[in-house]
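>>> Quick one, what's the 3D model for this:
(one chain, ligands or ions: 2)
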Amino acid sequence: MPLKAELHCHIEGAAAPELVIRQAQKYGKETSAYIQDGAFVWHDFTSFLAAYDFAADLFRSEEDYAKLADHYLSSLAREGAIYSEIFTSPDHATKAGLSPQAYTDALGEGMQRAMAKTGIEARMIVTGVRHFGVESVEAAARFAVRCKHPLVTGFGMAGEERHGDVEDYVRAFEIAREAGLGITVHAGELAGWESVQAALDHIRPARIGHGVRAIENPDLVRRIADEGVVLECCPSSNVALKVYPDFAHHPFPALKDAGCKVTLNSDDPPYFWTSLKREYDIAAEEFGMSEKVLMGITRTAIEAAFVDRKTKAALLARLDGHKR
Ligand SMILES: Nc1ncnc2[nH]cnc12
Ligand SMILES: [Zn+2]
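Residues are numbered from 1 along each chain as shown. Ligands and ions are numbered 1, 2, ... in the order given. Predicted structure coming up:
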């Protein structure tokens, strides 16, 4: 089994339906509009977000979040992951009634539990939600800087990519960058190559969430390869959301062949009927990638990780040791 690393998973989107049902029972909520036959129900990006927001609202206490992080990272470790970055969302915590600081500390506590049990290394990327507006994304960036949590090492933006102009969000990213946080932004998932180009021009991220629709412009693909921008690819998410009709049409292999730095990620695993292991299995079975190539993808992820140099070196040594 190849060792794995994940850079792109929304922690609220990692809660399995069984866990969400238990949370709903705890808080006296009815789940049948969003979970049927043990699976989340949604049919497009808007209804996906509605199910996601419903589930996120059922995580309300510090212990709820600690358990969620512990549960997810422990399951990743069982799948052979040695490193994970989770996207956190102070806005979702606030909506569920918890302060961003209590939420972040609680997730950190759950992460420490999983790290102690399994040896997985993990960090948090605070995200703003684009369709909540510029003010709210700037507030998320200010929080990411202010919280000074040792496991918060990055800042990103998720949400509806077709909302607003990316230029308007520049200040949020400058706040985060000035504080030394790593920068990633969702682009080129729901919108085309122009969105990826605009993100590169205005946000100057080290990594792009998805970015796959860059494939629509060969000059842009060349630019991504030349600039070494890392793509956090999530093939199952893209097929589930009908960005591509099937894996045969997914540009992951083409982007890799063009010299782009690509990584494999689960995004919101139970919503898209996936897991990090399944993404690696898809790369092997659908894209014909060998174990050696998959280990190279893990190496790319670790090299692109928002983590201190010493930890990165230790993770790379773990990868090298596994190969021998
Ligand atoms: N796939 C996705 N795209 C944009 N925002 C998200 N938030 C959670 N999952 C997302
Ligand atoms: Zn995402």
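>>> What backbone torsions are found at the residue of the stretch 51-200 of the chain found nearest ligand 1?
In the stretch 51-200 of the chain, the residue that lies nearest ligand 1 is Ala158 (3.6 Å; CB to the nearest ligand atom). (C-beta placed from N, C-alpha, C; glycine too.) Per-residue torsions, Ala158: phi -120, psi -160 (degrees, to the nearest 10).
>>> Leu68 now?
Given degrees, to the nearest 10, the pair of backbone angles that Leu68 has is phi -60, psi -50.
>>> still on that earlier bit, report the contact partners of the residue of the stretch 51-200 of the chain closest to ligand 1.
10, 87, 89, 127-130, 186, 209 (CB atoms under 8 Å, 6 or more residues apart in numbering).
>>> Identify, from these, the entry nearest to Lys277.
His10 (17.9 Å; CB to CB).
>>> sorry, back to before: need the contacts of Ala158 in TSV (columns: secondary structure and distance to ligand 1).
What follows is the contacts of Ala158, written out as TSV (DSSP: H, G, I helix; E, B strand; the rest coil; distance: CB to the nearest ligand atom, whole Å):
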residue	secondary structure	distance to ligand 1
His10	strand	4
Phe87	strand	8
Ser89	coil	8
Thr127	strand	8
Gly128	strand	11
Val129	strand	7
Arg130	helix	8
His186	strand	5
Gly209	strand	7
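>>> would Ser5 count as being in a helix?
Not quite, residue 5 is Ala, not Ser. No. Assessed with DSSP: H, G, I helix; E, B strand; the rest coil, Ala5 is strand; it does not lie in a helix.
>>> what bridges to it?
Tyr83 (DSSP bridges).
>>> Wait, it touches Ala77, no?
No. Using CB atoms under 8 Å, Ala5 makes no contact with Ala77, being 11.5 Å away.
>>> before we move on, the earlier item: please name the bridge partners of the residue of the stretch 51-200 of the chain closest to ligand 1.
Here Ala158, judged by DSSP bridges, has bridge partners Val129.
>>> ok, which stretches of the chain are helices?
Along the chain, the stretches classed as helices by DSSP state H are 17-26, 45-56, 62-78, 90-95, 100-118, 134-146, 170-178, 193-203, 218-227, 235-240, 252-257, 276-285, 291-303, 309-323.
>>> Most tightly packed of these?
helix 235-240 (a mean of 22; mean count of other CB atoms under 10 Å).
>>> Quick check: residues of the stretch 51-200 of the chain near ligand 1?
Residues of the stretch 51-200 of the chain lying near ligand 1 by CB under 6 Å from any ligand atom: 52, 158-159, 186, 189.
>>> need the contact list for Phe40.
17, 34, 51, 55, 270-271.
>>> ugh, wrong one, I meant Leu107
With CB under 8 Å, 6+ apart, Leu107 has these contacts: 11, 65-66, 68-69, 86, 88, 124.
>>> Fine by me, we can end here.
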